[in-house]
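Colleague: A structural model of the following input is requested.
(one chain, ligands or ions: 1)
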Amino acid sequence: MAREGSVVVIGAGVVGVSAAYCLRLRGWDVVLLDKGEVCSGASYGNAGFVLPSHAVPLAAPGVMGKGLRWLMDPESPFYIRPRLDRELISWLLRFAASSTRAHVQRSAPVLLAMHRASQELYQEWVSKEGLDCDFTRKGLMALCRTASGYHEVLEEARFLGSLGVTFEALDGKAACDLEPAIRPGMTGGVYYPEDAHVTPGKFVSGLAAAAERMGVAIKTNTEVLGFVTAGEKVAAVQTTRGDFRADEVVLAAGAWSPPVARGLGLRLPIQAAKGYSVTTKRPALSPSISLLLGEARVGVTPMGELLRIAGTLELAGLDLSINRRRVDAIVSGARAYVSGLDDMEPVEIWRGLRPCTPDGLPIIGRAGRYRNLTVAAGHAMVGQSLGPITGKIVSQILCGEDPAIAIAPFRAERFQ
Ligand SMILES: Cc1cc2nc3c(=O)[nH]c(=O)nc-3n(C[C@H](O)[C@H](O)[C@H](O)COP(=O)(O)OP(=O)(O)OC[C@H]3O[C@@H](n4cnc5c(N)ncnc54)[C@H](O)[C@@H]3O)c2cc1C
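Modeller: Numbers count the residues shown, from 1 in each chain. The predicted model follows:
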């Protein structure tokens, strides 16, 4: 393997592990650091959707208004913890300004290309590394109980269809015929056959193990505290377990990226958006495809012997506390659409922090005043899906190549 140089990757979630794996493939000496264990952040317990159907960014028309309507409801899928925080206020103003039709029309084709390229990498890596992670390409159904919900979902599907995404519009009966675990009486659904799902923790841990076999040095329980800089370069990463010197540094610390970047004088407008999941033994009557439950904003994913129900978006800072009321609301939300969840045997309740930028697009690329720093963070609701292609793009940037997908919309400078 040709030697390219040395790199420290900060954060062992799906983004950092994918970057470490791709960089090692390209001949870099890689050290991968995490303050906890491998895959102990948002990449562990998410819904595992790997999808072209989520190419519309979070910042889209109507989202802000809906969020404000939900604010007063303690069981709603969206919540902002009220606080006088300058960063949060500026994030919300930017989010509102980005939520335009023009932004969606500009961003969706790029996001779609990213999801498609990432899904190909999933297929390639799962087969090449023999990853046991329940990767399944059986499609996803966005399911609605109400006519207004169905109208909204169908409108989005038609927009995605105009970009080349395959979908089938189904009435309530056709939705039940396709997925018998759905309760009768739904208004309708949209089926996206190209979508896939994975057990995210198994995928990330399996890929990290493959990277380690290839020579990546993984240092867990190693928290980044700061940096040593020399001129225009980051010379070393200071951690709770000593300093790590390298030619290049990749910041992939998910929702924690802003406090880490601050040590390099770089402001990243990323807010943590907490979500929960409940994983249960697969009930006798269980969905066999992924479901996105429209009005409830809940995802349901079959994962091998298990079934995962995930949802809510709380802008509450870097706070990992568990609000049981919201967890219960996710489960009761799912029960309204899916039969067989009354006798659930939960095996895990989890929460994670999505790293959200105000325009709903990730930050990928060289950033800040130091020439050897690359940021890969801010993937919001779709980081599991976009992790592999992000890792590949990071490796291409460090190798001095043009990335597989034009990354101009993802540059950090757009927020300055
Ligand atoms: C409920 C829920 C459902 C979701 N469903 C989906 C889905 O179906 N599909 C999808 O694509 N996405 C989904 N997501 C979003 C997805 O989980 C995230 O976008 C993705 O996991 C982000 O990956 P990451 O590697 O950037 O961050 P993380 O996985 O959070 O990794 C960041 C890592 O950095 C480490 N770190 C932080 N600070 C430091 C430090 N100072 N020093 C060293 N290490 C540090 C952390 O310990 C952590 O391991 C969901 C999220 C939630 C919460």
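
Colleague: pretty sure residue 389 contacts residue 121?
Modeller: Yes. Counting by C-beta atoms under 8 Å, residue 389 touches residue 121, with 6.1 Å between them. Placement of C-beta: from N, CA and C, glycine included.

Colleague: These two - which one has more neighbours?
Modeller: A direct count of neighbours by other C-beta atoms under 10 Å for residue 389 and residue 121 places residue 389 higher, at 25 against 20.

Colleague: Check the secondary structure at that one for me.
Modeller: Three-state assignment for residue 389 (DSSP: H, G, I helix; E, B strand; the rest coil): helix.

Colleague: what residues does the stretch 1-150 of the chain put near the ligand?
Modeller: Taking C-beta under 6 Å from any ligand atom, the part of the stretch 1-150 of the chain that reaches the ligand is made up of 10-16, 33-36, 40-43, 46-49.

Colleague: Are any of the residues you listed buried, and if so which?
Modeller: Buried members of those, scored by 16 or more other C-beta atoms under 10 Å, are 10-16, 33-35, 40-43, 46-49.

Colleague: For stretch 162-177, measure first residue to last.
Modeller: End-to-end distance of stretch 162-177 (C-alpha to C-alpha, to the nearest Å): 26 Å.

Colleague: nearest spatial neighbour of residue 80, skipping sequence neighbours?
Modeller: Closest residue to residue 80 apart from its sequence neighbours, by C-beta to C-beta, 6 or more residues apart in numbering: residue 315 at 4.5 Å.

Colleague: Low-confidence bits of the stretch 51-200 of the chain, can you list those?
Modeller: For the stretch 51-200 of the chain, the stretches with pLDDT under 70 are 69-72, 74.

Colleague: Enumerate every residue touching residue 147.
Modeller: residue 187 (C-beta atoms under 8 Å, 6 or more residues apart in numbering).

Colleague: Distance of it relative to residue 67?
Modeller: Noted for residue 147: a distance of 22 Å to residue 67, by C-beta to C-beta, to the nearest Å.

Colleague: what's the answer for residue 404, then?
Modeller: Relative to residue 67, residue 404 is positioned 34 Å away (C-beta to C-beta).

Colleague: Comparing these two, which residue is more hemmed in?
Modeller: residue 67 (19 against 15).

Colleague: Need the nearest residue in space to that one, chain neighbours excluded.
Modeller: Nearest to residue 67 is residue 78, by C-beta to C-beta, 6+ apart, at 4.7 Å.

Colleague: Count the neighbours of that neighbour for me.
Modeller: 19.

Colleague: any chance you could map the helices in the chain?
Modeller: 14-25, 63-70, 86-98, 101-129, 147-162, 172-178, 200-213, 257-262, 324-335, 383-398 (DSSP state H).

Colleague: Mind giving me the packing neighbours of the shortest one?
Modeller: Counting contacts by 3 or more C-beta pairs under 8 Å, 6 or more residues apart in numbering; DSSP states H and E, the secondary-structure elements packed against helix 257-262 are strand 248-251, strand 373-377.

Colleague: Contacts made by that helix with the rest, please.
Modeller: By C-beta under 8 Å, 6+ apart, helix 257-262 touches 10-11, 87, 224, 251, 253, 267-270, 318, 355, 367-368, 375, 377-378.

Colleague: State the distance from residue 41 to residue 351.
Modeller: On the measure of C-beta to C-beta, residue 41 and residue 351 end up 11 Å apart.

Colleague: For residue 365, list the residues it contacts.
Modeller: 374, 375, 397, 407, 410, 411, 412.

Colleague: most neighbours, which of those residues?
Modeller: Result: residue 375 is most packed of the contacts of residue 365 (other C-beta under 10 Å), 29 neighbours.

Colleague: for the nearest residue to that one once chain neighbours are set aside, what are its contacts?
Modeller: Take residue 375 and drop its neighbours on the chain: the residue closest to it by C-beta to C-beta, 6+ apart is residue 367, 4.4 Å away. Going by C-beta under 8 Å, 6+ apart, residue 367 touches 261, 266, 268, 373, 374, 375, 411, 412, 413.

Colleague: Within reach of the ligand, which of the residues you listed are there?
Modeller: Near the ligand, judged by C-beta under 6 Å from any ligand atom, there are no entries from the contacts of residue 367.

Colleague: Adding pLDDT, write those out as a markdown table.
Modeller: Below are the contacts of residue 367 laid out as a markdown table (pLDDT from 0 to 100):
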| residue | pLDDT |
| --- | --- |
| 261 | 98 |
| 266 | 97 |
| 268 | 97 |
| 373 | 98 |
| 374 | 98 |
| 375 | 98 |
| 411 | 97 |
| 412 | 95 |
| 413 | 95 |
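
Colleague: Out of the residues you listed, which two sit at the greatest distance?
Modeller: 261 and 411 (14.5 Å; C-beta to C-beta).

Colleague: neighbours of residue 143, just the number please.
Modeller: Neighbourhood size, residue 143 [other C-beta under 10 Å]: 31.

Colleague: Likewise for residue 29?
Modeller: 18.

Colleague: quick revisit: and the residue nearest to residue 67, how far is that from the ligand?
Modeller: Separation of residue 78 from the ligand (C-beta to the nearest ligand atom, to the nearest Å) stands at 13 Å.

Colleague: which residues does that residue bridge with?
Modeller: residue 313 (DSSP bridges).

Colleague: before we move on, the earlier item: for the helices and strands packed on helix 257-262, which one ends up most surrounded?
Modeller: Neighbour counts (mean count of other C-beta atoms under 10 Å) averaged over each of those peak at strand 373-377, with a mean of 28.

Colleague: Show me what that one is packed against.
Modeller: Secondary-structure packing of strand 373-377 (3+ C-beta pairs under 8 Å, 6+ apart): helix 14-25, strand 248-251, helix 257-262, strand 363-366, helix 383-398.

Colleague: partners of it, with directions?
Modeller: strand 248-251 (parallel), strand 363-366 (antiparallel).
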